[in-house]
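A.B. asks: predicted structure and sequence below. I'll ask about it afterward.
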Amino acid sequence: MTDTPTVALLGTGIMGAGMGHNMLGAGLPLRVWNRTADKARGLADAGAVLAAEPAEAVAGADVVVTMLGDGQHVRSVMERAAPRAGQVWAQMTTAGIDQGALLDLADAYGVLFVDAPVVGTRQPAESGQLLVLAAGAPQARGIVQPVFDAVGRETRWLGEDPAGLAASRLKLVVNSWVLAITAATGETLALARGMAVDPQQFLDAVGGGPLDLPYLQAKAAAILAADWTPNFSVANAAKDADLIVAAARGAGVTLDVAAAAADRYRRVADAGHGDADMAAAYLASFSA
């Protein structure tokens, strides 16, 4: 292998597509696969090799990146991919802390597993500004670092033992904050609407002070414009919220807000808005 690893990217959805374009921009040879091939054609047009099957994408790659829906999907795709011994597997899907089946799969194939979820949504993925949280053996780091450099503004290595899932643990803590803020923003604007208060008055009241947040302003703007263009979908927010609640339960911690947020995101997804941006959780406040 050279200092420019060949990458197999499995999953080219909202996050994976942006990451793939930045890998190409960094000069990394890229092979891509997606369950819906049309979602990968933009990368193929930009110079990636579009594979019909996961195994075809993985053949000849130095690094395999999984950016899929959940842990079960990752396992299914990697079983089809059948990676070879010595490859580095950067598992970047948010899959919680119950990844024993994935770690067992890595051992069975003899690949170097790197726990590597990212912090960020569509825009940071497209601009190469994700924060990569990673844990993995030193021999894997040198191989995978050019990939992380291509997609992220920074990589934070959190240990050498990927089985400890230190990166995934931190990712759940970060996401608990993000999902709570998003749900609270929606509820606050819904309360303003219900009480005939101009929501802009609320935003002006907190604007520029200690209660203000750029994220609050961004999500509020999307809600007020009814712009549900997905940066991070309701369905993924519901999935991550469930992972957070399950992890907390396993740690003996009660999370009332996270549990309520999980229910809120699921209700909106069940109402047919699963592909909308998670700001659409606002809609859960209204019966119709």
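C.D. replies: Received the coordinates, thanks. Numbers count the residues shown, from 1 in each chain.

A.B. asks: which parts of the protein are strands?
C.D. replies: Secondary structure of the chain by DSSP state E: the strands cover 7-10, 30-33, 49-50, 63-66, 88-91, 112-115, 118-119, 130-134, 152-157.

A.B. asks: could you pull up phi and psi at the residue of the chain most remote from its centre?
C.D. replies: Taking Cα atoms, centre = their mean, the residue of the chain most remote from its mean C-alpha position is A196, at 36.2 Å. Backbone torsions of A196, given as degrees, to the nearest 10, read phi 60, psi 40.

A.B. asks: export the strands of the chain to TSV and tack on mean neighbour count, distance to A184 and mean pLDDT?
C.D. replies: (Glycine included, C-beta is placed from N, CA and C.) Output for the strands of the chain, formatted as TSV (neighbours: other Cβ atoms under 10 Å; distance: least, Cβ to Cβ, whole Å; pLDDT from 0 to 100):
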stretch	mean neighbour count	distance to A184	mean pLDDT
strand 7-10	29	34	98
strand 30-33	26	37	98
strand 49-50	17	41	98
strand 63-66	27	31	98
strand 88-91	28	30	98
strand 112-115	25	29	98
strand 118-119	21	19	98
strand 130-134	24	22	98
strand 152-157	17	27	98
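
A.B. asks: redo the ones you listed as JSON lines? Include distance to A82.
C.D. replies: Putting the strands of the chain into JSON lines (distance: least, Cβ to Cβ, whole Å) gives the following:
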{"stretch": "strand 7-10", "distance to A82": "12"}
{"stretch": "strand 30-33", "distance to A82": "13"}
{"stretch": "strand 49-50", "distance to A82": "18"}
{"stretch": "strand 63-66", "distance to A82": "11"}
{"stretch": "strand 88-91", "distance to A82": "12"}
{"stretch": "strand 112-115", "distance to A82": "15"}
{"stretch": "strand 118-119", "distance to A82": "25"}
{"stretch": "strand 130-134", "distance to A82": "24"}
{"stretch": "strand 152-157", "distance to A82": "28"}
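
A.B. asks: let me see the ranges of the helices in this protein.
C.D. replies: 14-25, 41-45, 54-58, 71-81, 100-109, 122-127, 138-151, 166-194, 199-206, 214-224, 234-250, 256-268 (DSSP state H).

A.B. asks: dump those helices to CSV, plus distance to T6.
C.D. replies: Formatted as CSV, the helices of the chain follow (distance: least, Cβ to Cβ, whole Å):
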stretch, distance to T6
helix 14-25, 10
helix 41-45, 14
helix 54-58, 10
helix 71-81, 14
helix 100-109, 17
helix 122-127, 21
helix 138-151, 10
helix 166-194, 23
helix 199-206, 48
helix 214-224, 36
helix 234-250, 28
helix 256-268, 37
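
A.B. asks: closest to S285 out of the strands of the chain?
C.D. replies: strand 118-119 (27.4 Å; Cβ to Cβ).

A.B. asks: what residue spans form the domains of the protein?
C.D. replies: Following automatic domain parsing, one gets these domains for the chain: 7-163, 169-285.

A.B. asks: buried deepest among those, which one?
C.D. replies: domain 7-163 (a mean of 20; mean count of other Cβ atoms under 10 Å).

A.B. asks: one step back: now the residue farthest from the centre of the chain: how far from G186?
C.D. replies: 18 Å (Cβ to Cβ, to the nearest Å).

A.B. asks: contacts only, for G164.
C.D. replies: A135 (Cβ atoms under 8 Å, 6 or more residues apart in numbering).

A.B. asks: do that again at 10 Å, thanks
C.D. replies: Residues in contact with G164 (Cβ atoms under 10 Å, 6 or more residues apart in numbering) are 97, 115, 135, 158.

A.B. asks: quick one: pLDDT of the third one?
C.D. replies: pLDDT, the model's per-residue confidence, is 98 for A135.

A.B. asks: residues contacting it?
C.D. replies: By Cβ under 10 Å, 6+ apart, the residues touching A135 are 113-117, 156-170.

A.B. asks: repeat that for 6 Å
C.D. replies: By Cβ atoms under 6 Å, 6 or more residues apart in numbering, the contact set of A135 is 115, 158-159, 162, 166-167.

A.B. asks: same check, this time on the last one
C.D. replies: Remark: with contacts taken as Cβ under 6 Å, 6+ apart, L158 is in contact with 135, 166-167.

A.B. asks: and the residues you listed as TSV, adding distance to A85?
C.D. replies: Below are the contacts of L158 laid out as TSV (distance: Cβ to Cβ, whole Å):
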residue	distance to A85
A135	21
A166	25
A167	23
